[in-house]
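Undergrad: Attaching a predicted model along with its sequence, questions to come.
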Amino acid sequence: MSALAHYLEDEGLATTIVGLVRLHSEKIKPPRSLWVEFELGRPLGGPHDKKTQRAVLESALALLESDAGPGLLVDYPADGSGTDPDPAWRNPVTVQPRTIDPNDIGGTLTQLLDELAEVEPAYQRRLADTGRTTFGVVGLEMRGVLTYLMSYLAGVPDPSPHPDMAPNLAMRFAADDLKAFYLEAATSGTGKPSSWQLGSWFWRETAAGALLVALRANTKNSDSKSLARIGTVFLVPRIWVDELGL
Amino acid sequence: MVVLSALSDHLAKVLTDLDCPTFDEKPWIRGGALNERRVAMVSSAGIHLRSDRHFVGSDAGYRAIPNDAAANDIIMTHVSPNYDRTAFIQDINTVLPLDRMAELAADGVIGSVASHHYSFMGATDPREMEADARALAGRMKQDAVDTVLLVPV
């Protein structure tokens, strides 16, 4: 983004950045940059934290009225917004322990559908409350997502659901949809769970998370370079690969 | 938080070793008063309208997002799983602060908000984005934009 700022400013537009990685701002030296100490993925701080979002924006925009540039780099006061776990948070979804068995595809799919029945009410409740979902990247309904992913676990991938989307790419998008569906369900209640709290639930407690871990194990040594790369890099976040000892 | 020492060793090394472009030229555009500026936002989150093309591979292009787009119409197809998405799924404003920018305009902090905002997919080498970024500048000017807020993830 710092490079984009260079290009846009060079074309005559004044730019200011909310920067997440200070080292990159130091190296690339965009015209104006506000460094925030927030987690990657949340440059404006935590969800629904209107006060912090506005404060960050006003701080970044204020740089436009400074004469101390180019290469102006200012640190936003650290406040840890949205990163600390919420000890009062209670996951509104309860799932039973289940096992993913690559040697029992039919039984595993049944287990996943049983878990979906436990998760879906919270997802639907949240959707009704907010009118918003980020689910729907691969274009399948949730049961289709599970069936498509299971075809990869079985080693006999179904055809891509879309003629213009390669099958392995569709598998990655299906995995993204699976995560989004579950995490939206888990955020249907009250409280402000951290990303770590939500990730701990998904990756440690759900069969859906175990499915993606199993898919990673199944595909990372595939003869298909595309599938091996997707399996190794894109299904399970690196922090959970490390945490789970995969 | 993104203090490199707080990240996993792997991610910290990736970010530390990232091949960052450097520039001899140091452009610096002085604008008018903030409350007279028209502001567009550019995200690197790989977000776009549901009806638009997904980001695939090292896509260096951008997608336009109308300022009045409903949050439910915006999805994310960024390639990387290694940043938090739980904030985005709960609140579009954590990545693309549409509501906050509207409030800043309504309160007279900025002059107005652009008719469209834009997203690239930040895992692509930004040097490959140069042509599209420069073309995007022309598109923004046609919308009378004079100021850009860039928001990476």
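TA: Nice, thanks for sending it over. Model, not experiment: these values are computed from the prediction.
Undergrad: which ones are touching the most centrally placed residue in chain B?
TA: Of all residues in chain B, the one closest to the mean position by C-alpha atoms, centre = their mean is residue B:43, 1.2 Å from it. By C-beta atoms under 8 Å, 6 or more residues apart in numbering or on different chains, the contact set of residue B:43 is B:95, B:96, B:117, B:118, B:119, B:120, B:150, B:151, B:152, B:153. In short, each C-beta sits where N, CA and C put it, glycine included.
Undergrad: Show me what the fifth one bridges to in the sheet.
TA: Beta-bridge partners for residue B:119, by DSSP bridges, are residue B:43, residue B:63.
Undergrad: My guess is it contacts residue B:52. True?
TA: No. Counting by C-beta atoms under 8 Å, residue B:119 does not reach residue B:52; the two are 9.5 Å apart.
Undergrad: neighbour-wise, which of these two wins?
TA: residue B:119 (29 against 16; other C-beta atoms under 10 Å in any protein chain shown).
Undergrad: pLDDT wise, what is the more buried one at?
TA: In this model, residue B:119 is scored at 98, pLDDT.
Undergrad: What mean pLDDT does stretch B:68-88 get?
TA: Stretch B:68-88 comes out at a mean pLDDT of 96.
Undergrad: Would you indicate which residues of it are buried?
TA: B:69, B:71, B:74-88 (16 or more other C-beta atoms under 10 Å in any protein chain shown).
Undergrad: Then stretch A:185-192?
TA: Those would be A:185, A:186, A:187, A:188, A:192, for stretch A:185-192 by 16+ other C-beta under 10 Å.
Undergrad: quick one, domains of chain A?
TA: What automatic domain parsing lists as the domains of chain A is A:2-75, A:105-243.
Undergrad: picking up where we left off before, can the contacts of residue B:43 go into JSON lines with extra columns for distance to residue A:154?
TA: Formatted as JSON lines, the contacts of residue B:43 follow (distance: C-beta to C-beta, whole Å):
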{"residue": "B:95", "distance to residue A:154": "36"}
{"residue": "B:96", "distance to residue A:154": "38"}
{"residue": "B:117", "distance to residue A:154": "42"}
{"residue": "B:118", "distance to residue A:154": "41"}
{"residue": "B:119", "distance to residue A:154": "35"}
{"residue": "B:120", "distance to residue A:154": "36"}
{"residue": "B:150", "distance to residue A:154": "44"}
{"residue": "B:151", "distance to residue A:154": "41"}
{"residue": "B:152", "distance to residue A:154": "39"}
{"residue": "B:153", "distance to residue A:154": "34"}
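Undergrad: Next step: the residues you listed restricted to strands.
TA: Residues of those located in strands (DSSP state E): B:117, B:118, B:119, B:150, B:151.
Undergrad: Next, work out how far apart the fourth one and chain A are.
TA: So the one you mean is residue B:150. 4 Å (C-beta to the nearest C-beta, to the nearest Å).
Undergrad: Could you check the pLDDT of the residue nearest to the centre of chain B?
TA: 98.
Undergrad: what's the longest helix in the chain?
TA: Picking chain A for this. Looking across chain A with DSSP state H, the single longest helix is helix A:105-130.
Undergrad: My question was about chain B, not that one.
TA: Under DSSP H, chain B gives helix B:130-142 as its longest helix.
Undergrad: if you average pLDDT over that one, what comes out?
TA: 98.
Undergrad: buried ones in it?
TA: Applying 16+ other C-beta under 10 Å to helix B:130-142 flags B:130, B:132, B:133, B:136, B:137, B:140 as buried.
Undergrad: What separation is there between the third one and residue B:77?
TA: Read it as residue B:133. 19 Å (C-beta to C-beta, to the nearest Å).
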